[in-house]
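In: Here's a sequence, model it:
(one chain, ligands or ions: 1)
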Amino acid sequence: MTTPARDALVPAIILFGSPGSGKGTQARLLQGCLRGPHISTGDMLRSHIQAGDAIGHQTELLIKSGRLVADEMVNELVQQRLQDADCQFGIILDGYPRTTNQAEVLLTFMGSLGYRPAVVHLMVDYDKIVARLSGRRQCPVCGTLYSMKTNPPKVAGICDLDGAKLMTREDDRESVIRERLNQYELQTRPLLEFFRQAGVPMLEINAAEASPDQISQEICRSLNSAGLMLATSDGSAIGLR
Ligand code: ADP
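Out: Now for the predicted structure:
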C-alpha cells in the first residue's frame with residue numbers, strides 16, 4: 001500500500017455541487033494547477049458498465065434511472081483507488097462523497113492516510129443546471145465534457161482532443177435529470193452542513209457565469225490563498241504545478 005508523504009498533509013480536493021455544476025470539467029482543468037489524479041466515481045462506474053463486469057451489472061439500472069449506487073460499493077472503489085501511487089501528492093474527487101455515510105467513511109479513511117480534505121462548492125442556479133445537462137455531450141474515450149450552447153466542440157459532434165464521436169449520457173434525458181437533482185437535494189446537499197460541523201475547510205465558488213477556465217483559475221487562487229495546497233515541512237507548496 002502506498003501512503004502519502006509523511007512530512008505533509010496531502011490535499012484532497014472534494015469538488016461538490018449538483019449534477020451539471022461543472023465538477024467534471026473543473027476536475028480536468030484543475031489538473032493544470034494541482035498535482036494528483038481526477039477521481040470521478042461516475043466515470044469509474046461507467047467504465048465498469050462498459051466492461052460488462054459484475055459491478056457494471058449491479059449498477060447499470062440505478063445509474064440509468066438517476067438513483068445512487070450503494071454506499072458500500074462506491075466506498076470500496078474509492079478506498080482502493082486512493083491507495084494507488086499517483087495519489088501521493090494530492091487528489092481531486094468528483095462526485096464523491098454523495099451521502100453522509102460516504103462522507104463519514106471518507107473522512108476517517110483520509111485521516112488514516114494523511115490526507116487533508118477541502119471542499120470546493122460549485123454554486124450554480126437550478127435553471128442553468130437543467131439547461132446545461134440537457135445540452136451536454138461527452139467523449140466516450142477521454143471523458144471531456146462539452147455543452148452544445150456554452151462550450152461546443154470545434155467540429156459538431158466530434159471530440160476536439162481525440163476525434164471520437166461525442167455521446168449523450170443516458171442519464172442526461174429530462175426525466176432522469178429530474179431524478180438526479182432530486183437525489184442531490186435529498187442525499188447530497190445536506191453534506192454541506194456535515195462538512196461545516198466536521199470543520200472541513202470549504203470554498204464557495206460562483207460557477208454560473210464565468211468561463212470554465214476563469215472558474216478554474218479562481219479555484220486555484222482561492223485554494224492557494226487559503227493555504228490548502230500541499231505544504232512541505234519547509235513551507236513550499238508542492239501541491240502546485
Ligand atoms: P453527475 O454529478 O452529473 O450526476 P456523475 O458522473 O458523478 O454525474 O454520476 C452519475 C451517476 O453515477 C449518479 O447519478 C449515480 O447513479 C452514480 N454515482 C456516481 N457517484 C456516486 C456516489 N458517490 N454514490 C452513489 N452513486 C454514485
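In: can you give me the helices for the protein?
Out: Per DSSP state H, the chain carries helices over the ranges 23-30, 41-51, 54-64, 71-82, 100-113, 126-134, 174-183, 191-198, 212-225.
In: Most tightly packed of those?
Out: Most buried of these by mean neighbour count (mean count of other Cβ atoms under 10 Å) is helix 23-30; its value is a mean of 23. From N, CA and C alone the C-beta is placed, and that goes for glycine too.
In: Residues of the chain that sit close to the ligand?
Out: When proximity is defined by Cβ under 6 Å from any ligand atom, the chain lies next to the ligand at 19-20, 23, 41-42, 45, 62-63, 66-69, 74, 95-96, 98, 102, 171, 180.
In: Isn't residue 63 up against residue 44?
Out: No. Between residue 63 and residue 44 there is no contact under Cβ atoms under 8 Å: 11.3 Å.
In: Tell me the residues that contact both of these two, please.
Out: Counting by Cβ atoms under 8 Å, 6 or more residues apart in numbering, no residue touches both residue 63 and residue 44.
In: Just give me the lowest mean pLDDT stretch among the helices of the chain.
Out: Here the helices of the chain differ in mean pLDDT, and the lowest is helix 126-134 at a mean of 86.
In: Please enumerate residues in contact with that one?
Out: Contacts of helix 126-134 (Cβ under 8 Å, 6+ apart): 18-21, 124, 147, 149-150, 172, 174, 177, 180-181, 208.
In: chain center to that helix, what's the gap?
Out: Averaging C-alpha positions (Cα atoms, centre = their mean, to the nearest Å) puts helix 126-134 18 Å from its chain's average.
In: residues touching residue 187, list them.
Out: Counted by Cβ under 8 Å, 6+ apart, residue 187 has contacts 68, 98, 99.
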